[in-house]
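Trainee: Test case, fold it:
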Amino acid sequence: MWQYAVDKKQLLIRSPKGWQTNSTPSEGTNLDLLFNSVKYWKLPACLIGIELVYPSCEEVSNLESILETKINASELRLIVSNAQQFYVIASELEISENNLDIFETTIQQNIRFRSQVKDE
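Mentor: I've put the predicted structure just below:
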């Protein structure tokens with residue numbers, strides 16, 4: 001997990017460009033998975049190789065039992081890493097490749113300006 005923005009309910013998983021492997025793009029780009037309207041996630045701090053898979057009806061039912069709530073199956077993303085299965089429940093998933101610096105993000109920034117009041 002790279003970043004989570006509470007106010008935006010956005011979760012960013014990034015494979016940074018510095019970690020080249022045989023399966024990463026040759027240009028040395030980041031690969032970002034940006035989840036929007038996140039409702040739940042179960043992820044470790046670091047994932048080594050990932051595969052996105054479609055959940056079965058049984059997997060949806062099992063997770064509904066654990067969470068004690070109904071899940072929209074189209075919002076459930078299963079992430080397999082190191083032979084373990086993890087979950088993200090989110091309305092949208094955007095996958096992008098970029099050349100952003102390690103400190104730059106694809107999470108939408110909410111910039112707020114405060115007016116300055118002078119003491120008289």
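Trainee: Who are the packing partners of the worst-scoring helix or strand of the chain on mean pLDDT?
Mentor: One helix or strand of the chain scores below all others by mean pLDDT, DSSP states H and E: strand 3-5, with a mean of 77. Packed against strand 3-5 by the contact rule (3 or more CB pairs under 8 Å, 6 or more residues apart in numbering; DSSP states H and E) you find strand 10-15. Any C-beta I mention is one placed from the backbone N, CA and C, and that applies to glycine too.
Trainee: Just the C-alphas of the strand it packs on, formatted as CSV.
Mentor: What follows is strand 10-15, C-alpha atoms only, in CSV (Å, rounded to 0.1, in the frame of the first residue of the first chain):
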residue,chain,number,x,y,z
GLN,A,10,-8.8,6.8,-2.2
LEU,A,11,-6.2,4.0,-1.9
LEU,A,12,-3.1,3.9,-4.0
ILE,A,13,-1.0,0.8,-4.6
ARG,A,14,2.2,1.6,-6.6
SER,A,15,4.9,-0.5,-8.1
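Trainee: Which helix or strand lies directly C-terminal to it?
Mentor: strand 30-42 (DSSP states H and E).
Trainee: Can you tell me the strand partners of the least confident helix or strand of the chain and which way each runs?
Mentor: strand 10-15 (antiparallel) (DSSP bridges).
Trainee: what is the orientation angle of the strand it pairs with with strand 30-42?
Mentor: Between strand 10-15 and strand 30-42, the angle comes out at 130 degrees (axes from the mean of the first three to the mean of the last three CA atoms, to 10 degrees).
Trainee: what's the offset of strand 10-15 from the middle of its chain?
Mentor: How far strand 10-15 lies from its chain's middle: 4 Å, per CA atoms, centre = their mean, to the nearest Å.
Trainee: Nice, that's everything, thank you.
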